[in-house]
Every structure is written in structure tokens, then in C-alpha cells.
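Provided below for reference: sequence and predicted model.
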Amino acid sequence: MFGCCVAGRLLQTNLIQVDETHAYFELPQAASINHVCVFLLGTVPFPEGYGATVHFFWPGKGFQLLGMISNEKPSAIFRLRGTFSATAPSTPSTTAQNTFTNIQQQQTQQQQQDITAILGIAIEPLGAIQAQMESVSFNPALNVSSQSASGIGQGLSDPTVLAEKIVKHMVNYVSGFLEGGVNPNAPVPMSLIAKWYETFLNKVRAGGVGFLERGE
């Protein structure tokens with residue numbers, strides 16, 4: 001149902017299920033991560049009236065609510081570098097915080113360069129999500145990335161629009177190799193995702209992400 005992609009790395013679909021409403025991705029070598037994109041794969045939508053909050057856990061530094069995704073907002077990009085600071089306000093206690101904090105505390109202590117962080121996803125009612133997002137809006141420690149690279153048009157300067165176009169580009173690419181296109185029951189080889197990733201990065205390096213607006 002969910003995928004995530006750390007900038008400069010392969011797409012991750014190795015979601016670890018905790019229970020019916022909580023799951024997480026492990027992010028190895030977390031000290032080198034700047035941005036991460038979280039998105040719906042498009043195979044299973046949220047139930048009516050539900051979405052998901054996205055949480056980040058750094059061993060020894062605690063818990064932060066990054067933001068949310070929903071059927072209406074199926075992807076989001078978050079800046080992780082600088083998320084935690086000495087003055088970062090605490091996020092209100094939630095079931096998601098307790099769930100993922102317990103997981104984080106169970107992890108083996110590692111050297112700084114080998115730290116594995118947790119990106120948690122909690123499915124919750126949209127009303128509860130909205131209440132939590134009100135606190136995020138005023139949290140200076142949570143920085144949703146703004147893109148400034150050359151070749152980005154006005155629409156793609158919005159990280160939500162950019163993330164949606166990246167995911168759409170991937171789906172369109174993959175569907176071109178699958179008989180009958182992408183559907184909930186279509187197996188997608190990881191080699192195909194890796195090929196898309198390589199092709200995508202080559203286009204970005206060659207001329208920025210303007211090709212996303214042109215639908216290339």
C-alpha cells in the first residue's frame with residue numbers, strides 16, 4: 001500500500017507491518033539522509049474518512065510527526081536533515097508515538113554512521129490527523145522541502161505537486177512494460193523499478209525536472 005524513496009537511493013517497498021493500523025520502513029545509514037518521499041502505491045486506497053500520519057524516529061533523539069498523506073494527497077516529500085534540534089518542540093503523545101517509540105527502543109545501539117532510523121506510518125481518522133497537523137504547522141523543526149534546482153517550474157516548486165508527478169512518472173513508466181498496465185494484481189519486478197530510477201536520475205542530471213511538467 002505504501003512506498004518510500006530516500007533521495008539518492010532505490011525505491012523502498014519493504015514495509016514492516018506492526019498491526020492493522022501501524023507499519024514502518026527502516027532507513028539505514030540515516031545520518032546521510034536529507035529528503036524522503038512517502039506515497040501510496042495506488043493499489044489500495046485508504047478507507048473512507050481515513051488517512052495516515054507520517055512519523056520519524058531517530059535513536060536517542062526521539063519522535064517527530066512529519067506530516068500526512070491521504071487519498072486526496074497521496075504523496076509527500078519531507079526534509080529530514082535538521083528535523084531534531086535542542087529547541088524542537090515535543091509532539092503531543094499519541095498511540096502512534098507509543099507504538100513506534102517501543103520499536104525504536106528495541107533496536108540495537110549502533111555507531112553514528114550506521115544508525116537505522118524509523119519512518120512510521122499510522123492510519124488514523126482524518127479528524128484526528130487534522131488535529132495533529134495543526135501542531136506541525138507551527139513547528140520550526142519540521143521542514144518540508146522546497147525545491148530550487150534549475151528546471152523546476154512554478155507548479156513543481158510545490159513539494160506535493162513534485163512528489164505526485166514523480167510517482168505518476170514512475171507508474172507510467174512501469175505500466176508501459178506490463179501487459180494490461182498497472183493493476184492491484186500485477187507483479188512488478190524490482191529490476192523494473194531500478195531501471196526507472198536510473199532513467200529518472202539520468203534525466204534529472206541532464207536537465208533538471210522540467211520534463212515532469214512536459215509529461216516526458
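Structure's in. What do you need?

Tell me the predicted confidence for residue 137.
Here the pLDDT value assigned to residue 137 is 49.

do the same with residue 77
85.

and it, bridged to which residues?
residue 37 (DSSP bridges).

Next, count neighbours for it.
Using other CB atoms under 10 Å, the number of residues around residue 77 comes to 24. Any C-beta I mention is one placed from the backbone N, CA and C, and that applies to glycine too.

With residue 189 as the reference, measure out to it.
26 Å (CB to CB, to the nearest Å).

tell me the secondary structure for residue 120?
strand (DSSP: H, G, I helix; E, B strand; the rest coil).

What count of nearby residues applies to it?
Residue 120 has 27 nearby residues by other CB under 10 Å.

for the one 4 residues further on, same thing?
With neighbours defined by other CB under 10 Å, the count for residue 124 comes to 21.

For this protein, just list every one of the helices.
Using DSSP state H, the helices found in the chain span residues 95-106, 126-136, 159-175, 190-207, 210-214.

mind listing what's buried in the shortest one?
Meaning helix 210-214. Across helix 210-214, burial judged by 16 or more other CB atoms under 10 Å covers 210, 211, 212, 213.

With only the CA atoms kept, save it in CSV.
C-alpha atoms of helix 210-214 as CSV (Å, rounded to 0.1, in the frame of the first residue of the first chain):
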residue,chain,number,x,y,z
GLY,A,210,11.3,20.2,-16.2
PHE,A,211,10.5,17.1,-18.1
LEU,A,212,7.9,16.2,-15.5
GLU,A,213,5.8,19.3,-16.5
ARG,A,214,6.1,18.3,-20.1
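
same for it, what does it pack against?
Packed against helix 210-214, as judged by 3 or more CB pairs under 8 Å, 6 or more residues apart in numbering; DSSP states H and E, are the following elements: helix 159-175.

circling back: dump the helices of the chain to a markdown table, plus distance to residue 33.
Shown next, in a markdown table, are the helices of the chain (distance: least, CB to CB, whole Å):
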| stretch | distance to residue 33 |
| --- | --- |
| helix 95-106 | 16 |
| helix 126-136 | 19 |
| helix 159-175 | 16 |
| helix 190-207 | 16 |
| helix 210-214 | 22 |
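
Any idea which of the ones you listed has the lowest pLDDT on average?
helix 95-106 - the lowest mean pLDDT of these, at a mean of 63.

per the record, what domains does the chain have?
Following the TED database, one gets these domains for the chain: 2-84+113-137, 159-207.

Quick check: the gap between residue 187 and residue 174.
Residue 187 is 11 Å from residue 174, where distance means CB to CB.

more neighbours, those two?
residue 174 (18 against 6).

ok, the more buried one - contacts?
182, 188, 192, 193, 196 (CB atoms under 8 Å, 6 or more residues apart in numbering).

Show me which of those are buried.
By 16+ other CB under 10 Å, the contacts of residue 174 give 182, 188, 192, 193, 196 as buried.

For the third one, list the residues it contacts.
Contacts were defined as CB under 8 Å, 6+ apart; by that measure residue 192 touches 174, 177.
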